[in-house]
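[1] any chance you could fold what I've pasted below:
(one chain, ligands or ions: 1)
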Amino acid sequence: MPALEAHEIYRFFHVGDDETAALRGVSLRLSRGETVAVVGPSGSGKSTLLACLTGLDEPDGGYVEVAGTRLSRRPETERAGLRAAHFGILLQAGNLFPHLTVQQNIRLQMLLAGKPDRRRVGELLDSLGLLVRADAFPIELSGGETARAGLGVALAADPLILVADEPTAEIDRFAETQLIDHFETRRRKGLATLIATHSDALARHADRIVRLRDGKVDND
Ligand code: ADP
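    Numbering: from 1, shown residues only. Alright, predicted model coming up:
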């Protein structure tokens, strides 16, 4: 059973009389232990696809299954439960609760996934070079530290599926190396990783590249 499977996903947006077909029948399969990079020009549908795959957005057509369980068109509470149990999500912004410290943000994610692990908090902070920033609030962090702390939250519960949207946008060289190291660790553990990226360096570390163009998978 694949970690994640999308069947013929469609997503349309309407602004006034204008319709944008952001996704036009995208199918995708992510196996356990596999790292897949989603690449494509700006506006090709990468963010929309990632939002549909994680249940943060609902496709207008098609459906998504996570670990064999239907995620699409389920009540929001059910989707949230599946998301917390199976996904680590790294978005371009908004990964941290501003009123919680770095350490508390990571702990909260573990609690939501039902996997509290005090020792892993320290190990994660250490691997991301954030031990000295454990008790800092998000507003006190630099751009690179914020990106690394977001990665810490996404990796907190050692999720079956890590989904990252342009993880290198704000990230420094150190964090990029850490991110690539984490891909390798996850591959060895049989965990799946899906990243939308513009970074050739990052895409080179993927097992497979899926190219999007105008909301479709480009097989050329
Ligand atoms: P990418 O991540 O590859 O840059 P997106 O998924 O953000 O692409 O966008 C795909 C298309 O859908 C674009 O034409 C974008 O303008 C449109 N789009 C995305 N989100 C919305 C929205 N909330 N409302 C209207 N149009 C949207």
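[2] max-length helix in this structure?
    Secondary structure of the chain read by DSSP state H shows that its longest helix is helix 173-188.
[3] state the mean pLDDT of it.
    Helix 173-188 shows a mean pLDDT of 83.
[4] how about residues contacting that helix?
    Outside helix 173-188, the residues that touch it by Cβ atoms under 8 Å, 6 or more residues apart in numbering are 33-35, 127-129, 144, 147-148, 151, 155, 162, 164, 167-168, 171, 192-193, 199, 201-202, 205-207. C-betas here are computed from N, CA, C, even on glycine.
[5] buried members of those into PyMOL, please.
    In PyMOL, a selection of the buried entries from the contacts of helix 173-188 looks like this (16 or more other Cβ atoms under 10 Å):
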select buried, resi 34+35+127+128+144+147+148+151+155+162+164+167+168+171+192+193+199+202+205+206
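[6] tell me which of the contacts of helix 173-188 fall in strands.
    In strands, judged by DSSP state E, the following of those are found: Thr35, Leu162, Ala164, Ala192, Thr193.
[7] from those, pick the one nearest Glu5.
    Taking Cβ to Cβ as the measure, Glu5 lies nearest Ala192 of these, at 10.9 Å.
[8] that closest one against Val163, yeah?
    No - counting by Cβ atoms under 8 Å, Ala192 does not reach Val163; the two are 9.2 Å apart.
[9] the ligand contacts on the chain?
    Residues of the chain found near the ligand (Cβ under 6 Å from any ligand atom) are Phe13, Val15, Thr20, Ala22, Gly40, Ser42, Gly43, Ser44, Gly45, Lys46, Ser47, Thr48.
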